[in-house]
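**Q** this one's structure only:
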Ligand SMILES: Nc1ncnc2c1ncn2[C@@H]1O[C@H](COP(=O)(O)OP(=O)(O)OP(=O)(O)O)[C@@H](O)[C@H]1O
Ligand SMILES: [Mg+2]
């Protein structure tokens with residue numbers, strides 16, 4: 001019997017099975033040192049927090065965003081090559097990036113901190129903040145931190161398709177937590193998330209507290225080359241939103257076309273300090289710009305009524 005025959009003779013005679021499913025492709029993991037550092041942080045935090053509620057003991061260190069879901073929800077999926085939305089956000093982000101770089105007409109403190117807000121609810125803050133973050137993250141040499149500061153009504157995890165536990169609120173209530181304990185990496189390497197965190201009845205008050213002020217200054221300095229985008233509560237709904245706005249170098253006020261009353265836009269703008277921060281207006285869901293549902297973008301706002309259109 002030659003070797004081929006021998007091999008045939010020991011073949012099992014049972015039913016032919018389909019091959020076992022392949023294991024999923026390996027998820028790109030961070031460098032080993034990074035993991036060690038993060039585990040060390042987590043271990044230290046969990047030892048310190050032995051008496052803390054169970055919900056404070058778990059978090060995700062990285063998430064895989066579902067690009068298909070992002071795309072089908074009408075958002076700017078990172079793998080999109082060309083689209084009208086992509087082009088619109090290219091125009092929206094340009095002046096923000098110029099200002100963040102200190103190359104704009106006005107120099108402000110913390111120019112890389114950008115708050116996306118609006119007068120009232122449902123005008124497109126989260127839509128704008130997420131698309132802006134995704135758009136900026138697609139730039140070469142540009143990194144973004146997207147903060148869910150709408151702590152009473154967090155919606156970034158649902159929007160981008162991931163689950164979050166620890167976040168901003170946990171960091172603000174527990175000074176044993178380090179910022180690194182609540183940051184979440186994503187499968188877009190240049191995009192990091194800071195989720196809202198545990199629901200807490202006084203969470204909006206926390207946004208106006210000293211620890212939030214220190215955090216804003218720390219993020220701005222520690223990640224000076226990073227754009228930090230805050231999805232925020234509406235300005236006219238909580239006083240804390242305008243206090244949070246005062247920590248930002250740039251504030252983008254989303255106005256829903258044909259819906260936000262002019263008086264409300266003015267009242268919202270009156271809460272901002274346009275002498276010390278750059279205030280932009282974004283007209284969302286407008287039919288009149290570009291001939292379809294779209295965005296109009298006017299940048300800069302003079303309280304004397306003179307709009308200063310620095311970029312469109
Ligand atoms: N330009 C747009 N084109 C299409 N859909 C949009 C646009 N802007 C917002 N939307 C949709 O409108 C709804 C409200 O938007 P979004 O959640 O961003 O508002 P919000 O200001 O964050 O609301 P809230 O105050 O409740 O946090 C969402 O379903 C969002 O996907
Ligand atoms: Mg929102």
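**A** Sure, I can see it. Given the structure is predicted, the values throughout are model-derived calculations rather than measurements. Ligands and ions are numbered 1, 2, ... in the order given.
**Q** burial measure for the residue in the stretch 101-250 of the chain that ligand 2 sits nearest to, as a count.
**A** In the stretch 101-250 of the chain, the residue that lies nearest ligand 2 is residue 126 (3.3 Å; Cβ to the ion). The way it works is simple: take the backbone N, C-alpha and C, and place the C-beta from them, glycine included. Under the neighbour criterion other Cβ atoms under 10 Å, residue 126 is assigned a count of 23.
**Q** so residue 73 sits right up against residue 158, yeah?
**A** No. Look at residue 73 against residue 158 with Cβ atoms under 8 Å: they stay out of range, at 9.6 Å.
**Q** neighbour-wise, which of those two wins?
**A** Regarding residue 73 and residue 158, a neighbour count based on other Cβ under 10 Å identifies residue 73 as having more, with 15 against 12.
**Q** locate the spatially closest residue to that one that is not a sequence neighbour within the secondary structure: which element?
**A** Distances taken as Cβ to Cβ, 6 or more residues apart in numbering place residue 159 nearest to residue 73, at 7.1 Å, with adjacent residues excluded. Residue 159 is located in helix 156-160, with elements delineated by DSSP states H and E.
**Q** ok, now residue 282?
**A** Secondary structure assignment for residue 282, by DSSP H and E: strand 278-286.
**Q** residue 252 now?
**A** Using DSSP H and E, residue 252 maps to strand 250-256.
**Q** before we move on, what about residue 127?
**A** In this structure, residue 127 is located in helix 125-137 according to DSSP H and E.
**Q** what helices or strands is that helix leaning on?
**A** Applying 3 or more Cβ pairs under 8 Å, 6 or more residues apart in numbering; DSSP states H and E, one finds that helix 125-137 contacts helix 84-100, strand 113-118, strand 143-148, helix 156-160, strand 191-194, strand 226-231, strand 250-256, strand 278-286.
**Q** can you count the residues close to residue 270?
**A** With neighbours defined by other Cβ under 10 Å, the count for residue 270 comes to 11.
**Q** report the angle between the axes of the strand holding residue 252 and strand 226-231?
**A** 40 degrees (axes from the mean of the first three to the mean of the last three Cα atoms, to 10 degrees).
**Q** what about whichever helix or strand comes after strand 250-256, near ligand 1?
**A** Using DSSP H and E, the next helix or strand after strand 250-256 towards the C-terminus is helix 262-270. No. With Cβ under 6 Å from any ligand atom as the threshold, helix 262-270 lies outside contact range of ligand 1, at a closest distance of 12.2 Å.
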